[in-house]
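*Asks:* Here is a sequence with its predicted model. Questions after.
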Amino acid sequence: MNTLQIYNVDENVASNAWVDHERYLTLYQQSIDNPEAFWREQGKCINWIKPYTQIRDVDFNYDNLHIRWYYDGTLNACANCIDRHLPTRAHQTAIIWEGDNPSDEAYITYQVLYEKVCQFANALKKLGVKKSDVVTIYMPMIPEAAYAMLACARIGAIHSVVFGGFSSEALANRIDNGLSRVVITADESVRGGKRTPLKENVNTAAKLLKETTLDSVIVVKRTGGDIHWEEGRDYWYDDLVNNASLDCPCEEMDAEDPLFILYTSGSTGKPKGVLHTTGGYMVYASLTYRYVFDYHEGDIYWCTADVGWITGHSYVVFGPLANGATTLMFEGTPTYPDASRCWQIVDKYKVNIFYTAPTAIRALMRFGDEPVKKTSRQSLKLLGTVGEPINPNAWEWYYNIVGKQQCPIVDTWWQTETGGILLTPLPGATNLKPGSATLPFFGIEPALVDDKGSILQDTAEGNLVFLNSWPGQMRTVYQHHERFRNTYFSNFKNMFMTGDRARRDEDGYYWITGRVDDVINVSGHRLGTAEIESALVKHEIVAEAAVVGFPHDIKGQGIYAFVILVVGKEGSKALCEELKLMARQEIGPIAVPDIIQFTPGLPKTRSGKIMRRILRKVASGEFDDLGDISTLADPTIVESLTLNRVIK
Ligand code: WTA
């Protein structure tokens, strides 16, 4: 099939009755011409305690940077996800939980969700958690993870979810950064039949803390595995919650009060605590959920993301629940017990909307069509992807085999920083092109700029920026406002810089071409190469390390590490294993290098800057096109690097 063919979803599936392309264009133009009026109206998609009169107060200018939305309104995020639905849907399922083991399942109604969250919130209060305190959540994909997030929101505590695949070191850094004195965890997590000792990791993290000490660790019993217990600090979730009151009033929050922190990788230094606030985030997550996924009453919706990532925040928990939807939480992995698992789950619960990452699609494609075709998937109406560019091959397979050419695919581009989807097709209204995240959502003004910040017109390729704010935009880097200004607003004047490059085609469609910085995207997970490098150089015989991404069939990008050893030491297979373990311990399994090349030197300019462009070419085997190497301090190093390239 011609990959540039435009799929007119109107012809294939008439799914979205409210809008067609003309209508999208008109509404979009209105939203840009008069953002105040547009957002004044859309802000009503959630419930406010005190309605806002002010819409936005934004300045992207570096010196005066500030972003506020709906800032005289008050609300509670948890009330929007639960309480507001009780009169009409108390007995509707809010969360379907499918365990790692296919025989484990649970249905949680809005009424039960309300009770669980109130009890949890009261338990937190009893432990002394107050408005604005940071609570760390380090959990498997079990309903209690959602209860914990919502319970924090209910009492005005700021949650900081740390992905359960991160190591105790990574966890400790995040606890320290947020000065968080309470951690919610489970004894162990189970994925693909394998257990991970979450509580043990918390114990280790507690010993590594430099800035804070843990007052309380709340432990959900998931597996019943052995754990070390610290009396006076550790509490079983059941003991705390079972006796707690069912009644817990919602804290009235200002629109700009923080809702959560979520750490994400940047090009330098430690991960940044991206801060989202209550009003704008809830409006944006709720609105995009409804329109991008064409959500209709009664739809069963499944997003495979973990709550440890932004997708899990906006499109497993807050967006769907704010709309009164039924959201499916899956504890396991797409290939366990076998490669049919996702489609069996789709059939079992009659899932209508399915949202996943390209890496999962590529991993499943390897098993061929049979595991898909033996299921019905009749319920599916819409498919979505997020996290990385989807290669047209995988797109075709998703569209033809999984969706039986019946379901539009929404390729949604966004970031932890953006809070919700910014570039996306709207089902029924946007012609699809495989591999393109297509067009901006309402109210969103993308632009491409050259490296000097001049806006490029028409078809072009350049740095992807946004010229105007939207309610779901991050407000600051927690405790580091300078870092927020410098990372996103210093390179280009009066624009939000995404760190991505993109191309715009003759139809105005956006195609993401990669990152401009030293961030790599491994299986849809964002990692800073600097973080991996600092893990590797902790090994006593490593003098220096440089990490780059290289094209990887399944992961999108793999991790290629160039390592210089201290004088007199030699690389070996055993050392490779030790280094991989370092990365696993410092960050987690996702950060383990696929390839390690020992090298006597790195390509550096005379001023000592590593030319990563050359390392990327070497890692991907593109030796013909190394570009200008004349500015290198020692150009001969390039030959040594290419000769010794490691092929997996
Ligand atoms: C990449 C995930 C191409 C991009 C929601 C972005 C994408 C980074 C897409 C953010 C997409 C996300 N097409 N690339 N549809 N979606 N990305 O913060 O490089 O984990 O900057 O947020 O993922 O990753 P993050």
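*Replies:* Perfect, thanks for sending it. Numbers count the residues shown, from 1 in each chain.

*Asks:* In this structure, where's the longest helix?
*Replies:* Counting residues, the longest helix in the chain under DSSP state H turns out to be helix 110-126.

*Asks:* going on from that helix, what's the next piece of helix or strand?
*Replies:* Sequence-wise, the next helix or strand downstream of helix 110-126 (DSSP states H and E) is strand 134-138.

*Asks:* hmm, back to that, buried residues, the longest helix of the chain. List them.
*Replies:* For helix 110-126, burial by neighbour count (16 or more other CB atoms under 10 Å) applies to 110-125. For glycine as for every other residue, the C-beta is placed from the backbone atoms N, C-alpha and C.

*Asks:* Next: stretch 199-219.
*Replies:* Buried-residue list, stretch 199-219, by 16+ other CB under 10 Å: 199-206, 209, 212, 214, 216-219.

*Asks:* Distance of the residue lying farthest from the centre of the chain relative to the ligand?
*Replies:* Using CA atoms, centre = their mean, the residue of the chain lying farthest from its centre is residue 568. It sits 42.7 Å away. Residue 568 sits at a distance of 41 Å from the ligand (criterion: CB to the nearest ligand atom, to the nearest Å).

*Asks:* That residue sits in which helix or strand?
*Replies:* Per DSSP H and E, there is no helix or strand for residue 568.

*Asks:* can you offset everything so residue one is 611?
*Replies:* All set: I'll call the first residue 611, so the last point we hit is now residue 1178.

*Asks:* where does it land on pLDDT?
*Replies:* Here the pLDDT value assigned to residue 1178 is 92.

*Asks:* which bits of this structure sit near the ligand?
*Replies:* 874, 919-921, 996-999, 1021-1026, 1047, 1108-1110, 1122, 1125, 1131, 1136 (CB under 6 Å from any ligand atom).

*Asks:* So which of those residues are in helices?
*Replies:* Among the residues of the chain next to the ligand, the members falling in helices are 920-921 (criterion: DSSP H).

*Asks:* The residues of the chain next to the ligand in strands, which ones?
*Replies:* 874, 996, 1021-1022, 1108-1110, 1122, 1125, 1131, 1136 (DSSP state E).

*Asks:* Put together a markdown table for these, with pLDDT, neighbour count and distance to residue 864 on each row.
*Replies:* Below are those laid out as a markdown table (pLDDT from 0 to 100; neighbours: other CB atoms under 10 Å; distance: CB to CB, whole Å):
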| residue | pLDDT | neighbour count | distance to residue 864 |
| --- | --- | --- | --- |
| 874 | 94 | 19 | 25 |
| 996 | 97 | 26 | 30 |
| 1021 | 98 | 26 | 35 |
| 1022 | 98 | 24 | 29 |
| 1108 | 97 | 22 | 28 |
| 1109 | 95 | 21 | 30 |
| 1110 | 96 | 21 | 32 |
| 1122 | 96 | 20 | 35 |
| 1125 | 89 | 17 | 35 |
| 1131 | 93 | 22 | 35 |
| 1136 | 91 | 21 | 30 |
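
*Asks:* Pull the contacting residues for the closest residue in space to residue 1228 that isn't next to it in sequence.
*Replies:* For residue 1228, ignoring the flanking residues on the chain, the nearest one in space by CB to CB, 6 or more residues apart in numbering is residue 1251 at 4.9 Å. Taking CB atoms under 8 Å, 6 or more residues apart in numbering, we find residue 1251 in contact with 1172, 1207, 1209, 1213, 1224-1225, 1228.
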